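Novice: Fold the following, please.
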Amino acid sequence: MNQNLLDINKTKYRYLMDNIDLKGTAITYTIPVDKEPKEINGELNRKYPYVKISYKKLVEMIDKTAKALVALGVKKGDIVIICSSNTPETIYMDYALNKIGAVPSYIYPNITKEEIQYFINEVEAKYIFTIDEQNILKNVLAATENIKIEKIIVSPVLQSFPKWFKLIAKLPRTFNNEKIIIMWDDLLKLNVKDIKENEYIVNDLCCLMHTSGTTSVSKAVMQSNENINATSKNYYKDGLIWEMEIYIYKYCHCLLLLEMQCFILCFRQMLM
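Specialist: Numbering: from 1, shown residues only. Just a heads-up that it's a prediction; the model follows:
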């Protein structure tokens with residue numbers, strides 16, 4: 001069989017780990033702005049500062065998050081709703097879930113509490129990962145009032161930014177230490193010594209994405225590791241990477257293409 005076909009047959013996490021240079025920059029991240037950034041001389045002019053995260057840090061944070069999730073009680077096959085923007089923590093969470101065999105289910109963060117409730121029930125989710133943006137978190141909390149959820153993991157939008165920036169750009173919180181909530185920093189304090197990496201199984205479920213709902217009720221669609229890996233490989237091969245990177249900057253508050261964006265955010269040192 002052609003090697004190019006063979007090398008996508010891994011879990012999404014393992015595919016990433018086997019195709020990166022730890023010295024490279026994995027993520028360039030800035031918080032979303034109201035207006036689209038303008039491109040000047042090939043560079044995107046941003047209103048806010050941005051942070052760069054290396055592949056080494058990316059791998060460390062994915063592994064740390066995976067251990068924390070296992071300590072929290074997340075198991076292989078558990079469905080975890082991701083209702084968030086494309087923060088670095090979202091990417092850590094995404095790959096960590098794949099590493100331990102849990103299944104992320106992505107939903108658009110700006111939907112109503114009724115829609116969030118529908119998606120939770122549809123996939124029988126046990127956990128939710130979200131951000132502390134006022135309206136998003138408010139809707140998530142309202143949607144889970146009468147639904148049994150083990151934990152809601154909340155990551156500050158500004159989690160990865162330097163302390164000085166957090167001091168001048170604090171976002172208001174809409175919750176008061178609900179028992180169901182665990183903050184990102186508290187999650188990472190949880191730890192287990194060793195975890196078993198999820199074994200690759202052909203056509204195993206990797207994640208759940210949802211249809212647009214244009215013609216009927218939105219439905220969860222099962223995606224395999226091979227599907228995600230092959231798609232990301234084809235985008236790289238077809239030369240669409242740079243165009244998609246700009247797309248991430250313009251619509252970084254969207255999660256509709258999170259799986260694609262995760263790979264594209266981590267493309268610079270891919271050894272194709």
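
Novice: Need the contact partners of the strand or helix carrying Ile152.
Specialist: Taking DSSP states H and E as the definition, one finds Ile152 inside strand 151-155. Contact with strand 151-155 is made by 72-73, 84, 87, 89-90, 93, 127-132, 137, 140-141, 144, 175, 178, 180-184, 187, as judged by Cβ atoms under 8 Å, 6 or more residues apart in numbering. Placement of C-beta: from N, CA and C, glycine included.

Novice: Restricted to strands, list these.
Specialist: Cross-referencing those against strands under DSSP state E gives 127-131, 181-183.

Novice: Count the residues that sit near Asn121.
Specialist: Neighbourhood size, Asn121 [other Cβ atoms under 10 Å]: 11.

Novice: quick one on the thing from earlier: just among the ones in strands among the contacts of strand 151-155, which is most surrounded?
Specialist: Of these, with other Cβ under 10 Å as the count, Ile128 tops at 29 neighbours.

Novice: Okay, helices next: where are they in the stretch 101-250 of the chain?
Specialist: For the stretch 101-250 of the chain, the helices defined by DSSP state H, counting those that start in this stretch cover 113-123, 134-143, 163-168, 184-189, 225-237, 241-250.

Novice: rank those by mean pLDDT and give me the bottom one.
Specialist: Comparing mean pLDDT across the helices of the stretch 101-250 of the chain, the lowest value falls on helix 241-250: a mean of 37.

Novice: Show me where the protein dips below the pLDDT cut-off.
Specialist: By pLDDT under 70, the weakly predicted segments of the chain are 1-6, 26-50, 164-178, 235-272.

Novice: what about the longest helix in it?
Specialist: Identified as the longest helix of the chain according to DSSP state H is helix 55-72.

Novice: and of the ones in strands among the contacts of strand 151-155, the nearest to Phe119?
Specialist: Phe119 lies nearest to Ile128 out of the ones in strands among the contacts of strand 151-155, by Cβ to Cβ, at 10.0 Å.

Novice: Pretty sure that closest one sits against Pro109.
Specialist: No: in this structure Ile128 lies outside contact range of Pro109 using Cβ atoms under 8 Å: 11.3 Å.
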